[in-house]
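Engineer: Build me a model from this:
(chains A and B)
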Amino acid sequence: MAFEDQRTTVYKVNPEHPESETLPTLRTEELLLNMGPQHPSTHGVLKVILELEGERLVKSTPVMGYLHRGVEKLAEDGTYHQFIPHTDRLDYVCAMYNNFAYCRAVEKLLNLQVPERAEYLRTIVAEVQRIIGHQFWLSAQALDIGAMTVFFYCFRDREILLDWFDELCGARLTTSWYRIGGVERDLTPSLIDKLKQFLDYFLPKIDEYQVFLEKNRIWLGRTKGVAVISAEDAVSFGLSGPVLRGSGVDYDLRKYEPYSAYPKCEFSVPVGKNGDTYDRYWIRVMELYESVKIIRQCLEQMQEGPVMADVPSVTLPPKERVFTNLEAMIQQFKLFSQGFDAPPGEVYCGTEAHKGELGFYIVSTGGGKPYRLKIRAPSFIHMGAFDHMARGYMISDACTIFGTYDIVMGECDR
Amino acid sequence: MHLLLQRIQQTFTVGVTGLAEWRGDAAVTVTRDKVHEVAQFLRNDPGMDFDYIVHVSSVDWPDDEERFEVVWEVYSIRKRHRIRLKTRVPESDCVVDSLTDLWKGADFMEREVFDMMGIRFRNHPDLRRILMPDDYTEGYPLRKDFPLRGKGWRDTFDFLDEVPR
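Structural biologist: Residues are numbered from 1 along each chain as shown, chains lettered A, B, ... in the order given. Below you'll find the predicted structure:
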């Protein structure tokens, strides 16, 4: 051979087997492929640089931050109440649970007791949000790997719940219904009826979703044994929620550190065995049944009572009184313009959102604004395990792995 | 006092500068050179058994001599308890030992702390910016001296302070 040009030579003679001169061997090299940021299955804007050997993933490097809005910095500039709408925009699929996690952290900082009815309402709405989150996951994950039908069925039922949110607080996605010390307003009888109707309607629908997927050979082939992570690794990476439970680790803050009305409800925590995508799917479907169970128990046990703690220095007055009573109006105005005086100290409070442990670490130096607020976002931490979980699988499995975490980039990048 | 804190106090006679318990959260403050040793104890001691990393965070105290505070929060899945490990880092020498060898999840979390607060982690396998762009040179956004509206090219914008009516 006269010369070797790396750019043009595709075929080379294998020196060890000169007799195969007529059958040249293929020159191989690793290929770098950018997946995203405009890839539909990355659930937002996420780029992953894939190092490929043939179609196998050798190494993958997530590149994040396309949706970084500096929420933690913004938190330092506003009062505690003003931050509640910002939490909606973290995980915009499940805004209620973000509100819940944040309010719980502030209540821990203030050592504030929430009235019992408010605790039940919070649990009900949080579980409704969990159903929405899991429906969204089920549909989007199946859609990512090509099973389109279940997407329409999930979204049809999700729509009913979003309309229910609309009636509850006037917004479908960015809800801001939770308040520090309670909730914004009580459920009306019509809402309770609608929810009960939905639960009766919804139970057989869960079986329907399962039929679409579990009878689908292609979907089974693409989820069983894909993205396996051992229990030990999952714990070490700090994974949480269904991703951790899929590996057989029984870790659920609703049971471990019971909060709100969860200790008064009977429910079980499904735990997987193999740590693959299918097990994580199974856990989420089982959690749909558990959520229905929890909501039913809460609706049954709930007693009449106030929905907001009565601590005038911290909690907002009822809306009717704001418009008719001078003191209440001053209280509302002062709380929103100056905020309340939080004690100096630091707390961490984790809440089991449907994606995993959503935690808020708040450092206060007194005064109306948090000195530092750190969000422990499950999506961000799950992305840390991406390289480990993707190694050795095919390119097409990368979509399955994005899907299996249930990532939302608004929360991941903050 | 919290049993975990008592145990740490007995084990480490030097290096532990503060033990605190507030609202049920136990926190231990150690000097910078002891971080890895204490973390190893928390991870490997059968009585501690902290196998799960919750978050890594940092706080900026511009008026203090040792300006930055690095916070690791760990949890034990088997024992079901949690503790917060804190240390102080001066601005002139912003380096602290990385705990990625003990908890794999610390990798991304420490990268975020580096990105946002500019604290470097010794022995970290891949310490790069994670949320801000790689070529971002305008500083570390979560430091208290970084303005809320941002820095750099947007300083040249003609912002309106108030909407004219």
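
Engineer: near chain A, which residues of chain B?
Structural biologist: Taking Cβ under 8 Å from any Cβ of the partner chain, the part of chain B that reaches chain A is made up of B:22-23, B:25, B:27, B:51-55, B:57, B:59-60, B:71, B:73, B:77, B:80, B:82, B:84, B:103-109, B:112, B:116, B:129-133, B:141-142, B:146, B:148. No exception for glycine: its C-beta is placed from N, CA and C like everyone else's.

Engineer: Buried residues, the helix or strand hosting residue A:294. List them.
Structural biologist: Residue A:294 belongs to helix A:277-301 when assigned by DSSP states H and E. Residues of helix A:277-301 classed as buried: A:277-298 (neighbour count, 16 or more other Cβ atoms under 10 Å in any protein chain shown).

Engineer: Does chain B have contacts with the strand or helix carrying residue A:347?
Structural biologist: Assigned by DSSP H and E, residue A:347 belongs to strand A:345-352. Yes: judged by Cβ under 8 Å from any Cβ, strand A:345-352 comes into contact with chain B at A:345, A:346, A:347, A:348, A:350.

Engineer: Test my guess that the last one contacts residue A:374.
Structural biologist: The reference is to residue A:350. No: the pair residue A:350 and residue A:374 fails to qualify as a contact (Cβ atoms under 8 Å) at a distance of 11.9 Å.

Engineer: end to end, how far does stretch A:382-392 reach?
Structural biologist: 18 Å (Cα to Cα, to the nearest Å).

Engineer: just stretch B:30-49 next, same as before
Structural biologist: Note: stretch B:30-49 ends 19 Å apart using Cα to Cα.

Engineer: Taking chain B, what residue is nearest to chain A?
Structural biologist: residue B:105 (3.1 Å; Cβ to the nearest Cβ).

Engineer: And for that residue, the neighbour number?
Structural biologist: Residue B:105: 26 surrounding residues under other Cβ atoms under 10 Å in any protein chain shown.

Engineer: I'd say it and residue A:385 touch.
Structural biologist: Yes: between residue B:105 and residue A:385 there is a contact under Cβ under 8 Å: 7.5 Å.

Engineer: tell me which strands and helices the longest helix along chain B is in contact with?
Structural biologist: The single longest helix within chain B, with elements called by DSSP state H, is helix B:106-117. Helix B:106-117 sits against helix A:378-383, strand B:52-60, strand B:68-76, strand B:120-122, with contacts defined as 3 or more Cβ pairs under 8 Å, 6 or more residues apart in numbering or on different chains; DSSP states H and E.

Engineer: By proximity to chain B, which residue of the stretch 151-300 of chain A wins?
Structural biologist: Closest point on the stretch 151-300 of chain A to chain B, by Cβ to the nearest Cβ, is residue A:238, at 3.1 Å.

Engineer: Surely that residue forms part of a helix?
Structural biologist: No: counting by DSSP: H, G, I helix; E, B strand; the rest coil, residue A:238 is not found in a helix; it is coil.

Engineer: can I assume it is in contact with residue A:380?
Structural biologist: No: if you go by Cβ under 8 Å, residue A:238 and residue A:380 don't touch, sitting 10.0 Å apart.

Engineer: ok, now which ones touch the residue most central in space within chain B?
Structural biologist: Among the residues of chain B, the one closest to the centroid is residue B:70, at 2.7 Å (Cα atoms, centre = their mean). By Cβ atoms under 8 Å, 6 or more residues apart in numbering or on different chains, the contact list for residue B:70 reads B:35, B:56, B:57, B:58, B:86, B:87, B:88, B:89, B:96, B:113, B:119.

Engineer: Between these, which sits nearest residue A:129?
Structural biologist: residue B:57 (26.0 Å; Cβ to Cβ).

Engineer: what sits against that closest one?
Structural biologist: A:361, A:372, A:374, B:70, B:71, B:73, B:113.

Engineer: can you give me the strands for chain B?
Structural biologist: Using DSSP state E, the strands of chain B run over residues B:16-22, B:25-30, B:52-60, B:68-76, B:81-89, B:95-97, B:120-122.

Engineer: and among these, the most buried is which?
Structural biologist: Neighbour counts (mean count of other Cβ atoms under 10 Å in any protein chain shown) averaged over each of the strands of chain B peak at strand B:52-60, with a mean of 25.

Engineer: Number of residues surrounding the closest residue to residue A:144 other than its chain neighbours?
Structural biologist: The shortest distance from residue A:144 to any non-neighbouring residue, by Cβ to Cβ, 6 or more residues apart in numbering or on different chains, is to residue A:41 (4.1 Å). When neighbours are defined as other Cβ under 10 Å, residue A:41 has 17 of them.

Engineer: mind listing what whichever residue of the stretch 251-400 of chain A sits closest to chain B touches?
Structural biologist: Going by Cβ to the nearest Cβ, chain B is nearest to residue A:384 of the stretch 251-400 of chain A, at 3.5 Å. By Cβ under 8 Å, 6+ apart, the residues touching residue A:384 are A:237, A:238, B:104, B:105, B:107, B:108, B:109.

Engineer: phi, psi of the second one?
Structural biologist: Comment: the main-chain dihedrals of residue A:238 come out as phi 80, psi 20, following degrees, to the nearest 10.

Engineer: who's in contact with it?
Structural biologist: Taking Cβ under 8 Å, 6+ apart, one finds A:381, A:384, B:52, B:53, B:54, B:103, B:104, B:105, B:106, B:109 in contact with residue A:238.

Engineer: Out of those, which is nearest to residue B:124?
Structural biologist: residue B:106 (8.6 Å).

Engineer: The closest one is in contact with residue B:99, isn't it?
Structural biologist: Yes: in terms of Cβ under 8 Å, residue B:106 counts as a neighbour of residue B:99; the distance is 4.7 Å.

Engineer: Find residues that contact each of the two.
Structural biologist: By Cβ under 8 Å, 6+ apart, the residues touching both residue B:106 and residue B:99 are B:53, B:56, B:72.

Engineer: Rebuild those residues as a markdown table, extending it with distance to residue A:335.
Structural biologist: Listed next are the shared contacts of residue B:106 and residue B:99 as a markdown table, based on distance: Cβ to Cβ, whole Å:
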| residue | distance to residue A:335 |
| --- | --- |
| B:53 | 36 |
| B:56 | 33 |
| B:72 | 34 |
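
Engineer: Once you drop chain neighbours, what's closest to residue A:184?
Structural biologist: residue A:177 (5.1 Å).

Engineer: Equivalent analysis for residue A:74, please.
Structural biologist: residue A:86 is the one closest to residue A:74 (Cβ to Cβ, 6+ apart), at 6.1 Å.

Engineer: Check the one you found and give its pLDDT.
Structural biologist: With respect to pLDDT, residue A:86 scores 90.

Engineer: And the one 3 residues further on, by the same measure?
Structural biologist: Per-residue confidence (pLDDT) for residue A:89: 87.

Engineer: Any figure for the gap between it and residue A:64?
Structural biologist: Distance of residue A:89 to residue A:64, computed by Cβ to Cβ, to the nearest Å: 17 Å.

Engineer: Quick check, residue A:112 in contact with residue A:181.
Structural biologist: Yes: counting by Cβ under 8 Å, residue A:112 does reach residue A:181; the two are 5.5 Å apart.

Engineer: Which residues are in contact with each of these two?
Structural biologist: A:309, A:311, A:314, A:315.

Engineer: closest to residue A:322 among the residues you listed?
Structural biologist: Out of these, the member with the shortest distance to residue A:322 (by Cβ to Cβ) is residue A:315, at 12.6 Å.

Engineer: Could you pull up phi and psi at the closest one?
Structural biologist: Dihedral angles for residue A:315 - degrees, to the nearest 10 - are phi -90, psi 160.
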